[in-house]
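>>> Here you go, sequence then predicted model.
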Amino acid sequence: MQRERLLKVLVIGDLGVGKTSIIKRYVHQVFSQHYRATIGVDFALKVLNWDHKTVVRLQLWDIAGQERYGNMTRVYYREAVGALVVFDMTRLSTFQAILKWKGDLDSKVALSNGRPVPAVLLANKCDQRHHGLCPKLPKLENFSKEYGFVDWYETSAKDNTNIDAAITCLVKSIMSVEEERALAEATSGACKGDPDGSVLVLPRFDYNTKEKGLGGCSGCLSIKPKQDQD
Ligand SMILES: Nc1nc2c(ncn2[C@@H]2O[C@H](COP(=O)(O)OP(=O)(O)OP(=O)(O)O)[C@@H](O)[C@H]2O)c(=O)[nH]1
């Protein structure tokens, strides 16, 4: 029987960097030049046949760039297991904001062992490279390592460049964290409710009622939202 994993992934970054476009390209294979700012948060779901025994339900949370200074973000971040942190290659200010977004992420959600949730850095709109800031950017290879990103990609939602590759990289990283956790629990016998590791252990989001509930064993969630301080 196939196992199901529900993964909540955040897509964060400044206003207009292309978060919605990246999600639409990935989930629906479409792109629009038309810009309509996201209000609050939007969701998209993609189901992946990850391997012969696992189906991944990837829940992409499209968080409005304008929410950066809002009070709602802690709720959005809760129970996330990974993030795409996006900037626009043609706007330096959006790159300068990357560390604020990464800091925000790390301060609001962490793995149960206290480590940061996996995050991949996306330099979006690479089709506009000729108007871009490439010479002004630090080497993203070094930058992404230094600030704890799993990896980085130059992407274009418009041309469909590296969108699949970047998201697959993030999911791989999340799944390997999951495997490590499952292994640790199996060897320590910590998870009493799921002796054979076959139930869904991540939070579920009901798309019909828009309510969150826990799937499987609530005692062994792999992510732990930090305490609310708001
Ligand atoms: N050339 C080019 N334009 C892009 C790309 N991705 C997004 N855009 C354009 O950039 C604008 C903003 O894109 P959105 O996807 O709405 O940006 P967002 O980050 O979701 O914006 P907020 O919801 O306001 O935070 C739109 O006009 C898109 O068509 C890309 O890869 N290349």
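Noted; the coordinates are in hand.

>>> max-length helix in this protein?
If you go by DSSP state H, the chain has its longest helix at helix 163-188.

>>> Which elements pack onto it?
Secondary-structure packing of helix 163-188 (3 or more CB pairs under 8 Å, 6 or more residues apart in numbering; DSSP states H and E): strand 3-13, helix 19-28, strand 41-51, strand 54-63, strand 82-88, strand 119-124, strand 151-154. Backbone N, C-alpha and C define where each C-beta goes, glycine included.

>>> Name the residue closest to the centre of the protein, please.
For the chain, the residue sitting closest to the mean C-alpha position, by CA atoms, centre = their mean, is Ala83 at 2.4 Å.

>>> Can you read off the backbone torsions of Lys125?
phi 70, psi 40 (degrees, to the nearest 10).

>>> for it, what are its contacts?
Applying CB atoms under 8 Å, 6 or more residues apart in numbering to Lys125 gives the contacts 17-18, 88-90, 132, 156-158.

>>> What's the separation between it and the ligand?
Counting by CB to the nearest ligand atom, to the nearest Å, the gap from Lys125 to the ligand is 4 Å.

>>> now do Ala64
Relative to the ligand, Ala64 is positioned 5 Å away (CB to the nearest ligand atom).

>>> For that residue, which non-adjacent residue is closest in space?
Nearest residue to Ala64, sequence neighbours excluded (CB to CB, 6 or more residues apart in numbering): Thr38, at 4.0 Å.
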